[in-house]
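Visitor: Build the 3D model from these lines:
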Amino acid sequence: MSANPTINPKAPVLEACGIGKHYQGQWLFHSWNAVLEPGQGLALTGANGSGKSTLLQCIGGLIRPDTGCMTWGGQKEAMPACSLAAPYLDIPTEYTLNELVTFHFRINPLMAGFDPFLQLRLCHLDPTSNLLLKHYSSGMIQKVKLVLALLTDAPILLLDEPHSHLDREAQAWFQQLLSASIVGRVWAMASNDPNEYQLCSAAFDLGSQLH
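Guide: Numbering: from 1, shown residues only. Coordinates of the predicted model:
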């Protein structure tokens, strides 16, 4: 899910300056610096509990770091909205697929040149079905989350283990849609599967830091 972008940058660059986050007295990560260029994805890797999801959300401004800051185009207070797909992100399930997608893109901008209903059909979901989303399988729900996140026209795209619950055919569909939708966007992915983050141009292992 997402919110409308607050700015429309010409050449966005997202920079992390001394980012750190601690939990129960221990650092998950600290003094992290990075520059995220549009179209060049960053993979966040590391063991369970190392802080991948937390750092991912710090990148998008969804969680405030305890130290450091994120800047967008050099401005600390100009962070735009981000679009996120994650296993822990809930979506309303009292809707049909058509109702949810229609509502989502009524309040969020759709990426130009994309048809969400076509993408749903390509991953074998039926937008005309009257079945409520609460009756969908975990794999079907994951596909819905990915379509909403990837096709929302937000400057920052965040993906947390996007292959979760997807079979090989669905993974191939996702990778193809990802490749088409990341042009000109800052994006990052939390994952330990090289097949999952194959389109990322760089990777950062959180285990490489002293916590």
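Visitor: So what touches the helix or strand hosting E169?
Guide: Element membership for E169, per DSSP states H and E: helix 168-181. Applying C-beta atoms under 8 Å, 6 or more residues apart in numbering, the contact partners of helix 168-181 are 111, 114, 119, 122-123, 139, 142-143, 146-147, 150-151, 157, 159, 162-163, 166, 195-196, 198-199. Heads up, the C-betas are built off the backbone N, CA and C, glycines and all.
Visitor: I'd like to know which of the residues you listed are part of strands.
Guide: L157, L159 (DSSP state E).
Visitor: can you pull out the strands in the chain?
Guide: 14-23, 26-36, 42-45, 67-72, 82-85, 156-160, 186-190, 202-205.
Visitor: Parallel or antiparallel, which strands does the second one pair with?
Guide: Under the criterion DSSP bridges, strand 26-36 sits next to strand 14-23 (antiparallel) in its sheet.
Visitor: tell me which residues in the strand it pairs with are buried?
Guide: Using 16 or more other C-beta atoms under 10 Å as the test for burial, strand 14-23 gives L14, E15, A16, C17, I19, G20, K21.
Visitor: Those into a markdown table, with extra columns for pLDDT?
Guide: Shown next, in a markdown table, are these (pLDDT from 0 to 100):
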| residue | pLDDT |
| --- | --- |
| L14 | 92 |
| E15 | 93 |
| A16 | 94 |
| C17 | 93 |
| I19 | 95 |
| G20 | 95 |
| K21 | 94 |
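Visitor: Output the residues you listed in CSV, with distance to L36 appended to each entry.
Guide: Output for the buried residues of strand 14-23, formatted as CSV (distance: C-beta to C-beta, whole Å):
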residue, distance to L36
L14, 4
E15, 7
A16, 8
C17, 12
I19, 12
G20, 17
K21, 17
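Visitor: for these, which one is nearest H30?
Guide: G20 (3.6 Å; C-beta to C-beta).
Visitor: isn't the closest one right up against Q26?
Guide: No - G20 sits out of contact with Q26 when judged by C-beta atoms under 8 Å, with a separation of 11.5 Å.
Visitor: tally of neighbours for the residue nearest to Q198 when sequence neighbours are not counted?
Guide: Distance criterion C-beta to C-beta, 6 or more residues apart in numbering; nearest residue to Q198, sequence neighbours excluded, is Q175 at 7.0 Å. Residues contacting Q175 under the criterion other C-beta atoms under 10 Å number 16.
Visitor: Same question for the one 5 residues further on.
Guide: Counted with other C-beta under 10 Å, the neighbours of A180 add up to 14.
Visitor: Then the one 4 residues further on?
Guide: Under the neighbour criterion other C-beta under 10 Å, G184 is assigned a count of 11.
Visitor: residues near P194, how many?
Guide: 11.
Visitor: Then Q24?
Guide: Neighbours of Q24 (other C-beta under 10 Å): 5.
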